[in-house]
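# Got a predicted model here, sequence first, then my questions.
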Amino acid sequence: MKNKILPFSIIFVFIIIFVIFYKGLQNTNIYTPDSKTIFEVPSVSVKLFNSDEIINTLEIFNSNKFYLLNIWSSWCVPCKQEHPILMELSQNNDLEIIGINYKDTKKNANDFLKDLGNPYDNIIFDNKGTNAIEWGAYGVPESFLINNNKIIRKYIGPLSKGSLQEIKLFIK
Amino acid sequence: MKADNEVLKNKITKNLRCLICQGQSVYDSDSEFANSLKIVVDNKINEGLSENQIYSYFQSKYGDWILYDPLFNKNTYFLWLLPLLIFFVGGAIIFNKFLKKQK
C-alpha cells in the first residue's frame, strides 16, 4: 500500500502542474488595465489652473452630482479627437466636467481651449504629472466618472461615441 | 541622508513595473508615466514613508501588477507558500527514506 502512495502522488502533482501550465498557455500575456475598480476620490491638495489657488480635491467633488474627471494636455493628439465629446457633455447640467491639465504649459493649454472651446467647469494644474498618479492614471487622455466621492467608471484612452452614450445613461 | 534616499529611491523604482512600457521597470524607463512615478516616489520618501508603505500606496492605486516583487497578502500567499510547502514535503520524503534505511 505504502509503495503505491508515492507514484500516485507524483502523477497527481504532475497532472496539476500540467493543467495549470496548459491553462496558462491560453491566457493572454498582454496586460489590460482594470477599468471597473470602484475606489474613492483621493484626498490631496491640488493647484487650480485659473487662480493658482491650492485646495483639496474633496472640495471640488463635494456635491452628490456626477463629475467627469478628464486628464488632458495640449500636446496630446487623441485629446483633440475626444474634445467634441467633452463639449457635447458640457451642455448637460447634471454633469460637471473637471480637467487635469497634464504636463503642459499654461500658454499652450489656454491656446488649446481657445481654439477648440472650454468644456471644463474647473481645471487642476498638474505640470509634473504627480496628480494623475493619485488617480491611478496611466497617461493622457483618461477620464473618470465620479458620483458620491466614488469613481464608478474609468475610461482609458480617448472617449468614444459608445462611452458618451454610457455616461449619458449613468446621469439619467 | 540624501545619498541614502537616492539608494532607496533606486531600489523602489527598480521594483515598480512601468505599466505602459514593455518589460521595463520605472527605473529603466524614460516615459512620461515613469518620470511622474519617480517624482512621486521621491516625494513619498521625503514625507518619511517606509519602503513597504510606498509599495502599498502604489498597489492601492494600480494593483499588484505594478510590483515586480508582490507583497504578501490574501491574493499572493499561495505564490509565496507553495515553494516552501514543496520544500518541506520533499524534505519529509527524504527523511522518511533515511529512517527506513536506518531500520
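The structure has been received and is ready for your questions.
# Worst mean pLDDT across the helices and strands of chain A, which element?
Least confident element among the helices and strands of chain A, by mean pLDDT, DSSP states H and E: strand A:39-40 (a mean of 82).
# Which residue ranges make up the domains of chain B?
Following automatic domain parsing, one finds the domains of chain B at B:1-71, B:72-103.
# For chain A, find the nearest of those.
domain B:1-71 (3.3 Å; CB to the nearest CB). Heads up, the C-betas are built off the backbone N, CA and C, glycines and all.
# mind listing the strands for the chain?
No chain in the question, so chain A it is. For chain A, strands defined by DSSP state E occupy the ranges A:39-40, A:45-48, A:54-56, A:66-72, A:95-102, A:122-126, A:142-147, A:150-156.
# got these as JSON lines, with mean neighbour count columns?
Formatted as JSON lines, the strands of chain A follow (neighbours: other CB atoms under 10 Å in any protein chain shown):
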{"stretch": "strand A:39-40", "mean neighbour count": "13"}
{"stretch": "strand A:45-48", "mean neighbour count": "16"}
{"stretch": "strand A:54-56", "mean neighbour count": "12"}
{"stretch": "strand A:66-72", "mean neighbour count": "24"}
{"stretch": "strand A:95-102", "mean neighbour count": "23"}
{"stretch": "strand A:122-126", "mean neighbour count": "21"}
{"stretch": "strand A:142-147", "mean neighbour count": "22"}
{"stretch": "strand A:150-156", "mean neighbour count": "17"}
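# so can I have JSON lines of these showing distance to A:Ile10?
Shown next, in JSON lines, are the strands of chain A (distance: least, CB to CB, whole Å):
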{"stretch": "strand A:39-40", "distance to A:Ile10": "45"}
{"stretch": "strand A:45-48", "distance to A:Ile10": "59"}
{"stretch": "strand A:54-56", "distance to A:Ile10": "60"}
{"stretch": "strand A:66-72", "distance to A:Ile10": "54"}
{"stretch": "strand A:95-102", "distance to A:Ile10": "56"}
{"stretch": "strand A:122-126", "distance to A:Ile10": "57"}
{"stretch": "strand A:142-147", "distance to A:Ile10": "50"}
{"stretch": "strand A:150-156", "distance to A:Ile10": "46"}
